[in-house]
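> sequence and predicted structure are below.
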Amino acid sequence: MRAMTYRGPYKLRVEEKDRPRIEHPNDAIVRVQLAAICGSDLHLYHGMMPDTRIGHTFGHEFIGVVDEVGSSVQSLQVGDRVMVPFNIFCGSCWFCARGLYSNCHNVNANATAVGGIYGYSHTTGGYDGGQAEYVRVPFADVGPVKIPDWMHDEDAVLLTDAAATGYFGAQLGEIAEGDTVVVLGAGPVGLIAAQSAWLMGAGRVIVVDHLAERLEKARPMAHAETLDYDEHDDIVVELKRQTDHLGADVVIEAVGAEADGNCLMHVAGAKLKLQGGSPVALNWAIDGVRKGGTVAVVGAYGPVPNAVKFGDALNKGLTLRMNQTPVKRQWPRMFEHVRNGHLTPREMVTHRFPLEAIADAYHVFSAKLARCIKPLILPSAS
């Protein structure tokens, strides 16, 4: 089969790999119809994540058709069209029993931290991802869901991570009616977080970024106020000015390990890799929220220490909430919101690339060319 393979930082190829096979009776093989490049895939592309091995296939956002099932699989049949959450989870361990699917203890040798994730280095289990013609799906009775007839394919693929993570970020914020919510980052996760904040009772939503095309998207899509941090000497001071000098009630950090905005921190974290990424957005969140407020973190970071203002968080009495999204737990309510038009994931899609052009797709997305907000990948097997 044809698959994207990692060859080192900023180096990708599409080449022949063995078609995945059933390795366990609970496995399924899915023929990928549509995949996406996530902003967190860029952390792998840039060499930010430890133990990203040559030959690894990325891609944790994908949908497709069941091509083969193991002997124990009961809920799926060959020919079913499925959406697959980015988490790989067993459904029965202590964490899964409590809905913490992203923290499953049975799918990753490094499970003292994260559970299993498709296409996201050996730090998360070493599973090949969906930027390929076929992908092996473990625990096929637990993770995948048949795509509803009414759901658009592009909504379905975005619900496997980006949209679900944005929604989860708003959930983590524990937004109370009338709260002022600041979303740091107007990428796909931040845009859905801003939409979701309204659904959870926000009285005001402010989105912060510095890319014009993202801020332009945030205004009509999320009905949010926007701030370009490049236009202000200190974005935290501006946020305080706009919130009676108190700070926001809730800040959702949807940027992660490669945040711009502070040259020294960006170089030390994202370029020299002396930290687990740049802590700029996380520190803005801590500084920009009011005393006693809540910071929700859904931006992706590596397992290496960061220069985070933890003392300030302590002294302000902040609540910090974070996790990898337990995607399937979000779906029942999110399906309702998508069907009713309250959440519009596919509105974020700007580019579509064939699998053979995935190196170009990563370059365009990474360099923020052609006003790219969310690129999709179409494998030739579809």
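Perfect, I can see it now.

> in stretch 44-60, which residues are buried?
Across stretch 44-60, burial judged by 16 or more other C-beta atoms under 10 Å covers 44, 45, 46, 48, 49, 52, 56, 57, 58, 59, 60. For the C-beta atoms, the positions are set from N, CA and C on the backbone; glycine is no exception.

> try stretch 279-293
279-290, 293.

> average pLDDT across that stretch?
For stretch 279-293, mean pLDDT rounds to 95.

> just name the closest of the buried residues of stretch 44-60 to residue 174, please.
Residue 174 has its nearest neighbour among the buried residues of stretch 44-60 in residue 60, at 26.5 Å by C-beta to C-beta.

> pretty sure that closest one is touching residue 125, no?
No - in this structure residue 60 lies outside contact range of residue 125 using C-beta atoms under 8 Å: 11.2 Å.

> now do the shared contacts for these two.
Counting by C-beta atoms under 8 Å, 6 or more residues apart in numbering, the contacts common to residue 60 and residue 125 are residue 117.

> if we can go back for a sec, and the buried residues of stretch 279-293, which is closest to residue 160?
residue 281 (23.7 Å).

> ok, which stretches of the stretch 251-382 of the chain are helices?
If you assign secondary structure with DSSP state H, counting those that start in this stretch, the helices in the stretch 251-382 of the chain sit at 263-266, 280-288, 310-315, 327-339, 358-366.

> which strand or helix spans residue 112?
Applying DSSP states H and E as the criterion places residue 112 outside every helix and strand.

> count of residues packed around it?
Residues within reach of residue 112, counting by other C-beta atoms under 10 Å, total 8.

> same question for the one 5 residues further on.
The criterion is other C-beta under 10 Å. On that basis, residue 117 has 24 neighbouring residues.

> and for the one 4 residues further on?
The number of residues packed near residue 121 is 22, by other C-beta under 10 Å.

> for the residue lying closest to it once chain neighbours are set aside, give me phi and psi.
Excluding the flanking residues, the one nearest residue 121 by C-beta to C-beta, 6 or more residues apart in numbering is residue 52, at 4.2 Å. The phi and psi torsions at residue 52 (degrees, to the nearest 10) take the values phi -90, psi 110.

> residues in contact with residue 198?
Applying C-beta under 8 Å, 6+ apart, the residues near residue 198 are 205, 222, 223.

> same thing but at 7 Å, please
205, 223 (C-beta atoms under 7 Å, 6 or more residues apart in numbering).

> show me where the stretch 201-350 of the chain dips below the pLDDT cut-off.
259-277, 302-306 (pLDDT under 70).

> all strands for it, in order.
Taking DSSP state E, counting those that start in this stretch as the test, the strands found in the stretch 201-350 of the chain are 204-209, 225-228, 248-253, 289-297, 319-322.

> which residues sit against stretch 3-15?
Outside stretch 3-15, the residues within contact range by C-beta under 7 Å, 6+ apart are 2, 17, 44-47, 52, 54-59, 131-133, 355-356, 358-359, 362.

> now do that stretch, average pLDDT.
For stretch 3-15, mean pLDDT rounds to 97.

> again with stretch 156-165
Predicted confidence along stretch 156-165 averages 98 (mean pLDDT).

> end to end, how far does it reach?
Taking C-alpha to C-alpha, to the nearest Å, stretch 156-165 runs 14 Å from one end to the other.

> buried stuff in that stretch?
The neighbour-count criterion (16+ other C-beta under 10 Å) identifies 156, 157, 158, 159, 160, 161, 162, 163, 164, 165 as the buried residues of stretch 156-165.

> repeat that for stretch 215-229.
So stretch 215-229, judged by 16+ other C-beta under 10 Å, has buried residues 215, 217, 218, 221, 222, 224, 225, 226, 227, 229.
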